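Student: Here is the input, now give the coordinates:
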Amino acid sequence: MAKKFEDKFQKLLSQNDVATSQEGGVLDEPTIEEKRAFAKSLYKIEKDDLGKVVLDLENKCPAALVKNSAEDEVEINVDEITAAVFKELVEFVNSCGGVGAGGRKKKKART
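Tutor: Next comes the predicted model:
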């Protein structure tokens with residue numbers, strides 16, 4: 001009976017676009033500060049990594065992308081990203097290494 005309830009509950013959550021953690025709890029919506037920090041961090045990652053973020057959004061949360069094909073641009077609407085996808089993307093962006101302050105790679109000092 002418990003298994004049947006869990007299956008139906010998960011189906012209901014997915015139909016209503018409610019994000020859950022791996023432990024089964026409901027994920028909280030990101031705060032304004034978290035969204036701002038994420039948006040700022042996008043300026044500090046490599047172009048290839050930013051491309052991966054855009055592709056992930058296109059596959060998992062297309063409502064968060066505003067495409068301008070005339071100028072070959074894509075705008076990311078952070079407010080439209082679901083909590084689960086937001087968490088995934090923040091983890092990915094934070095894992096992107098090799099970026100120093102100002103968005104430039106740190107260079108080794110020459111001796």
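Student: can you give me the mean pLDDT across stretch 68-84?
Tutor: For stretch 68-84, the mean pLDDT works out to 89.
Student: Give the buried residues for it.
Tutor: The neighbour-count check on stretch 68-84 (16 or more other Cβ atoms under 10 Å) flags 76, 78, 81-84 as buried. Quick note: C-beta positions are derived from backbone N, CA and C, even for glycine.
Student: Same check on stretch 52-65?
Tutor: Buried residues in stretch 52-65, defined by neighbour count with 16+ other Cβ under 10 Å: 52-54, 56-57, 61, 64.
Student: Using CSV, write out every CA atom in that stretch.
Tutor: Extracted C-alpha coordinates of stretch 52-65, given in CSV (Å, rounded to 0.1, in the frame of the first residue of the first chain):
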residue,chain,number,x,y,z
LYS,A,52,26.3,23.4,-21.8
VAL,A,53,24.1,25.5,-19.4
VAL,A,54,22.0,26.7,-22.4
LEU,A,55,21.7,23.2,-23.8
ASP,A,56,20.6,21.9,-20.4
LEU,A,57,18.0,24.6,-20.1
GLU,A,58,16.8,23.9,-23.7
ASN,A,59,16.3,20.3,-22.8
LYS,A,60,15.0,20.5,-19.3
CYS,A,61,13.3,23.9,-18.9
PRO,A,62,12.8,25.5,-22.4
ALA,A,63,10.4,28.2,-20.8
ALA,A,64,13.5,29.8,-19.3
LEU,A,65,15.0,30.6,-22.7
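Student: what about stretch 62-74, start to end distance?
Tutor: Distance across stretch 62-74, first residue to last, is 11 Å (Cα to Cα, to the nearest Å).
Student: what residues does that stretch touch?
Tutor: By Cβ atoms under 8 Å, 6 or more residues apart in numbering, the surrounding residues in contact with stretch 62-74 are 54, 57-58, 75-78, 80-81, 85.
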